[in-house]
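# Just to be clear, the model below is a prediction. Sequence and coordinates:
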Amino acid sequence: SHQPTWQRERTMKGLRSVGGAQRFLSAFSGISPHFQPRRHLMTATEYRTQMSTRFTIWDQITGRAALPTTA
């Protein structure tokens with residue numbers, strides 16, 4: 001199946017060069033699994049908890065946790 005390739009190509013839309021697309025995809029391939037847990041193996045409650053934890057970790061890594069919120 002070429003589905004992962006198609007997903008990557010869909011993500012590449014709007015990139016101007018092959019090199020830029022490659023740089024983006026090489027970084028993105030390490031990050032995207034963080035937000036794609038194996039949902040079919042979890043209950044809805046476990047999934048929500050897992051995603052909440054993963055977004056908290058992501059905010060800490062990217063420094064977003066220190067930014068003030070606008071509500």
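Sure thing, it's come through. Numbering: from 1, shown residues only.

# so what's residue 62 up against?
Listed by CB atoms under 8 Å, 6 or more residues apart in numbering, the contact set of residue 62 is empty. All C-beta atoms are positioned from the backbone trio N, CA, C, and that covers glycine.

# How about residue 46?
With CB under 8 Å, 6+ apart as the criterion, no residue contacts residue 46.

# what about it, which helix or strand?
Take DSSP states H and E as the rule and residue 46 turns out to sit in helix 44-62.

# mean confidence score for that helix?
Mean per-residue pLDDT for helix 44-62: 88.

# mind listing the strands for the protein?
Counting by DSSP state E, the chain forms no strands at all.

# For the helix holding residue 46, list the C-alpha coordinates in CSV.
Output of helix 44-62 as CSV, limited to C-alpha atoms (Å, rounded to 0.1, in the frame of the first residue of the first chain):
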residue,chain,number,x,y,z
ALA,A,44,-12.3,6.5,24.3
THR,A,45,-11.3,7.6,27.8
GLU,A,46,-7.8,6.2,27.4
TYR,A,47,-7.5,7.9,24.1
ARG,A,48,-8.5,11.3,25.4
THR,A,49,-6.2,10.9,28.4
GLN,A,50,-3.3,9.8,26.1
MET,A,51,-3.8,12.7,23.7
SER,A,52,-4.1,15.2,26.5
THR,A,53,-0.8,14.0,27.9
ARG,A,54,0.8,14.1,24.4
PHE,A,55,-0.3,17.7,23.8
THR,A,56,1.0,18.7,27.2
ILE,A,57,4.4,17.1,26.4
TRP,A,58,4.4,18.8,23.0
ASP,A,59,3.6,22.2,24.6
GLN,A,60,6.5,21.7,27.0
ILE,A,61,8.9,20.7,24.2
THR,A,62,8.0,23.6,22.0
